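K.L.:
I'd like to go over a predicted model; first the sequence, then the structure.
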Amino acid sequence: MIGHAFHPQAIADMDEIWEYIAQDSLDSADRILEEIRAAIHSLSKMPNQGHRRSDLTSHPLRFWLVHSYLIAYAPDEDPLLVLAVLHGRRNPRVMAAILRNRE
């Protein structure tokens, strides 16, 4: 499997991340989003990287951290499906609710 797709809300997540960081630095916002995109590209080549989070979901999702942002993805989808990109320090119950609404 090579390639990836985004849940529509995952795209919105990335837009929100960029907008938040861009308030302080456009260069930093661009750099962080590029690093997230590069990680997703790498995950699409080797989809079983990352770890499971049974505290967030019982579904076979995996998670990968880039700086403070947690990429939630379905490794068994073809192409790999990115469900969410969330700040890793968010309340786990909030993250679990977000993921439930996107599966």
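P.N.:
Nice, I can see it.
K.L.:
any idea how far Val85 is from Ser42?
P.N.:
Distance from Val85 to Ser42, counting by CB to CB, to the nearest Å: 15 Å. In short, each C-beta sits where N, CA and C put it, glycine included.
K.L.:
Pretty sure Glu35 sits against His67.
P.N.:
Yes. Glu35 is within contact range of His67, at 6.9 Å (criterion: CB atoms under 8 Å).
K.L.:
give the contact list for the residue lying closest to Arg62 once chain neighbours are set aside.
P.N.:
Excluding its sequence neighbours, the residue lying closest to Arg62 (CB to CB, 6 or more residues apart in numbering) is Gly50, at 3.8 Å. The contact partners of Gly50, by CB atoms under 8 Å, 6 or more residues apart in numbering, come to Leu43, Arg62, Phe63, Trp64, Ile71, Tyr73, Pro75.
K.L.:
Turn the residues you listed into CSV, including pLDDT.
P.N.:
Below are these laid out as CSV (pLDDT from 0 to 100):
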residue, pLDDT
Leu43, 96
Arg62, 97
Phe63, 97
Trp64, 98
Ile71, 98
Tyr73, 97
Pro75, 93
